[in-house]
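**Q** Return atomic coordinates for the entry below.
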Amino acid sequence: MAYSVQDIATALGAQAFGAVDLLIDGASEPAAAGPRDLALAMDPKYGGGLAQGQARAAILWPDADWQALGLEAAIFVPRPRYAMSGLTTLMDPGPEIDEGVHPTAVIHPDAQIGAGAAIGPFVVIGRGARIGANARIASHVSIAEGAQIGAEALLCQGVRIGARVVIGDRFIAQPGAVVGSDGFSFVTPEKSGVESVRETLGDQGDAEAQSWTRIHSLGSVRIGDDVELGANVAIDRGTIRDTSIGNGTKLDNLVHIGHNVEIGHDCLICGQVGMAGSAQVGDRVVLAGQCGVNDNIFIGDDVIAGGATKIFTNAPKGRVLLGYPAMKMESHVEAYKGLRRLPRLFRDVADLKKAVLNRDKSD
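**A** Down below sits the predicted model:
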């Protein structure tokens, strides 16, 4: 689909100059842009690429001289990365799912399908499930009995929604996401070595060899509005109460959320983060890639944790964390600097020791 430069500027709430009726088919990096591409040169460091490409129009940084750059039209935005969200929303058609219900879909007679829903090939929808209006469900999705999914949802290929899961409006799940699998919860008849180690921090005590017995998950998962899940996210159902995720929270690829975890509103959980059972996470928390969260701890509102941080104890509101184990980011940076200085410190101590020994011998 083609858009005029003015159409794009209007969608972004931005100003356009020059030949605003030029038609644009897509977006491109400046050096690779064709004549019907909109070049994304939102920073001066990308300006040089315009001469290498063939773009006639571009999104530019504030105060750029678009005519000197050889362009016929330009759009100016005050916050480039935010403009990217609007531009990509405008130009992304999303997965192609035909309207109506595909003939290969298997839908239980007791399921309820909202008006305008599009259901793709080989979808299975269980007894008593409810699908909201204008939902789009791609091929090979399964939605188990009693699940509820709100309006305007998008479930991409191979998504699995478990029994009695409740999901709000405008939900997005990328391919392979699983919501509502059983929690990883096992117990031994007598105290196990793991329990002893948690108490002693090192000694297994006299724990005997035992087999693990499953604790079944009777709860489910409850997800708010405007939540997005990346590819292969796995969210376990609760043991008794539901695992829950608040409005506006986004989970990246390969995130695992354990049973009974509670996550607040507008959190950003990046790739390969793992949260153990019964952790509680406040609002607007950001966990960078490969962070780990211990079970039964609390992370306060507005906490930010850098990549690979391992959080073993409660984190107070607004704390910025880094490291293994997690500590204040500024403390971790100082500790790392000290660690790098250790070889020099050892050499200095050895030199001092040698000097003292030599002085003692000379006396």
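**Q** my guess is T10 is in a helix, correct?
**A** Yes. Applying DSSP: H, G, I helix; E, B strand; the rest coil, one finds T10 inside a helix.
**Q** Tell me how many other residues crowd it.
**A** As a burial measure, T10 scores 14 neighbours (other C-beta atoms under 10 Å). Placement of C-beta: from N, CA and C, glycine included.
**Q** now E199
**A** 10.
**Q** distance of it from S192?
**A** Applying C-beta to C-beta, to the nearest Å, the value for E199 to S192 is 11 Å.
**Q** Over to L357?
**A** Taking C-beta to C-beta, one finds L357 at 53 Å from S192.
**Q** Compare the two (neighbour count), which wins?
**A** Neighbours per residue (other C-beta under 10 Å) separate L357 from S192, with S192 holding more: 19 against 10.
**Q** which residues touch that one?
**A** Counting by C-beta atoms under 8 Å, 6 or more residues apart in numbering, S192 touches A207, Q210.
**Q** repeat that for 6 Å
**A** A207 (C-beta atoms under 6 Å, 6 or more residues apart in numbering).
**Q** Tell me the confidence at it?
**A** We note a pLDDT of 91 for S192 in this prediction.
**Q** How about Q112?
**A** Q112 carries a pLDDT value of 98.
**Q** Let me see the contact set for it.
**A** R130.
**Q** go with 10 Å
**A** I125, G128, A129, R130, I131, G132, Q148 (C-beta atoms under 10 Å, 6 or more residues apart in numbering).
**Q** all helices for the chain, in order.
**A** With DSSP state H as the criterion, the chain has helices at 5-12, 49-52, 80-91, 193-200, 329-362.
**Q** among the ones you listed, which is nearest H108?
**A** Closest to H108 of these, according to C-beta to C-beta: helix 80-91, at 34.2 Å.
**Q** ok, K310 to T249 distance?
**A** Distance from K310 to T249, by C-beta to C-beta: 21 Å.
**Q** likewise V106?
**A** From V106 to T249 the distance is 31 Å (C-beta to C-beta).
**Q** For E262, give me its contacts.
**A** Neighbours of E262 in contact, by C-beta under 10 Å, 6+ apart: 222, 238, 241-246, 275, 278-282, 298.
**Q** Buried ones from the residues you listed, can you make that a PyMOL selection?
**A** Selecting the buried subset of those in PyMOL, with 16 or more other C-beta atoms under 10 Å as the burial test, is done by:
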select buried, resi 222+238+242+243+244+245+246+275+278+279+280+281+282
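**Q** quick one on the thing from earlier: V106 and T249 - which one has more neighbours?
**A** Neighbour totals were compared for V106 and T249, and T249 leads with 23 against 11 (other C-beta under 10 Å).
**Q** Is it correct that that one is in contact with V273?
**A** No. Applying C-beta atoms under 10 Å as the test, T249 and V273 come out as separate, 12.0 Å apart.
**Q** which residues do these two both contact?
**A** By C-beta under 10 Å, 6+ apart, T249 and V273 have no common neighbours.
**Q** what's near enough to touch P93?
**A** For P93, the contacting residues are M1, by C-beta under 10 Å, 6+ apart.
**Q** Same question for S4.
**A** T10, A16, A19, V20, D21, L22, L23, I24, A57, A73.
**Q** Closest to D348 out of these?
**A** D348 lies nearest to A57 out of those, by C-beta to C-beta, at 61.7 Å.
**Q** Burial check on I113, number of neighbours?
**A** 19.
**Q** do the same with D182
**A** 14.
**Q** which ones are touching the closest residue to T88 other than its chain neighbours?
**A** Using C-beta to C-beta, 6 or more residues apart in numbering and skipping the chain neighbours, the partner closest in space to T88 is A27 (7.8 Å). By C-beta under 10 Å, 6+ apart, the contact set of A27 is 8, 33, 37-40, 55, 58-59, 84, 87-88, 90-91.
**Q** mind saving the C-alpha coords of stretch 49-61 as CSV?
**A** Listed next in CSV are the C-alpha coordinates belonging to stretch 49-61 (Å, rounded to 0.1, in the frame of the first residue of the first chain):
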residue,chain,number,x,y,z
GLY,A,49,23.8,7.7,3.4
LEU,A,50,21.2,9.8,1.6
ALA,A,51,23.7,10.5,-1.2
GLN,A,52,24.4,6.7,-1.6
GLY,A,53,20.7,5.9,-2.0
GLN,A,54,17.9,7.1,-4.3
ALA,A,55,15.4,8.4,-1.7
ARG,A,56,13.4,11.4,-2.7
ALA,A,57,11.9,11.9,0.7
ALA,A,58,13.2,11.2,4.3
ILE,A,59,12.4,11.6,7.9
LEU,A,60,15.2,13.9,9.2
TRP,A,61,16.6,15.3,12.4
